[in-house]
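Q: Give me coordinates for this.
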Amino acid sequence: MTSEIKPQIMKIGQRFVLCDAEIAAELTEDLFCPEKLKDKNLLTGQALGRGQAWFIKYHEYNWVLRHFRRGGLIGHFNADRYFGWSLENSRSWREWRLLAELYQRGLPVPRPIAAAVQGRCGCYRADLLTELIPDAKTLAGSLSEKSQSAKFWCNLGTCLRRFHEQGVYHADLNANNILIDAGLEIYLIDFDRGEIRSPGAWAIQNLERLKRSLLKIKANSSDFHFNDEDWTQLLSGYATTC
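A: Presented below is the predicted three-dimensional model:
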């Protein structure tokens, strides 16, 4: 696939789909239905969380399907329906367009493939297909297995600064939304409700949110490898070039 992403809008079955024109002809409605993917032996794994994710092997492609689910109190009685019926304002289409922008800027994010919206009675359900980052673990998963070097933490700080310098706000920057591949390259994922912002206090708040996430996991696990020196190295990388 080329590095350029050309948006294309199409209807597939009952879904309105915003996708990369390069792979539009490859898309089918079954790609947004985990049950059908399972029946066709196209699933290679699954990640659990508020937004469920399934790993797909489809022809020569390796993709991730994420279904948007609601959190908080409302999620107990309304699992995955969102109010409104504006395609461009839907959660999946907005995230797809943001990812496309970030990817083409050269920032380390997964390439967006397709965003689907299925509407009914003034509500909609949403799904997002992105390219799989091979051999990657979450920061939380990695630190549950072993500690990382001072160089890694410095690089993580530098990576986060790259996003902030370009005004990229991540609405849920936590240890599960940072991926590390086999070569210790760092990626950010899950840009639901993210946006491009003017400079402001939100950047420091982003970092504080990540630190709270790390401390929360550490408080609940005796084998989580994170300490004050790691955070100091992250801040060093954020402030300077490693």
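Q: what pLDDT does residue 3 get?
A: At residue 3, the model reports a pLDDT of 79.
Q: Domain-wise, how is the protein divided?
A: 7-131, 137-239 (automatic domain parsing).
Q: what's the first-to-last distance across the shortest one?
A: The first residue of domain 137-239 is 26 Å away from its last residue (C-alpha to C-alpha, to the nearest Å).
Q: Output the domains of the chain as TSV; include the columns mean neighbour count.
A: Every residue, glycine included, has its C-beta placed from N, CA and C. Conversion of the domains of the chain to TSV gives the following (neighbours: other C-beta atoms under 10 Å):
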stretch	mean neighbour count
domain 7-131	17
domain 137-239	16
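Q: Can you flag the weakest of those domains by average pLDDT?
A: Among the domains of the chain, domain 7-131 scores lowest, with a mean of 90.
Q: follow-up on the earlier one: for residue 1, find the nearest of the domains of the chain.
A: Closest approach to residue 1 among those is made by domain 7-131 (5.7 Å; C-beta to C-beta).
Q: what about the closest one, start to end distance?
A: Termini of domain 7-131 sit 16 Å apart (C-alpha to C-alpha).
Q: How far away from the center of its chain is it?
A: 11 Å (C-alpha atoms, centre = their mean, to the nearest Å).
Q: rewinding a little: now the domains of the chain in TSV, with distance to residue 1?
A: Converted to TSV, the domains of the chain look like this (distance: least, C-beta to C-beta, whole Å):
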stretch	distance to residue 1
domain 7-131	6
domain 137-239	17
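Q: Could I get the phi/psi values of residue 23?
A: Here is the backbone geometry of residue 23 (degrees, to the nearest 10): phi -120, psi 10.
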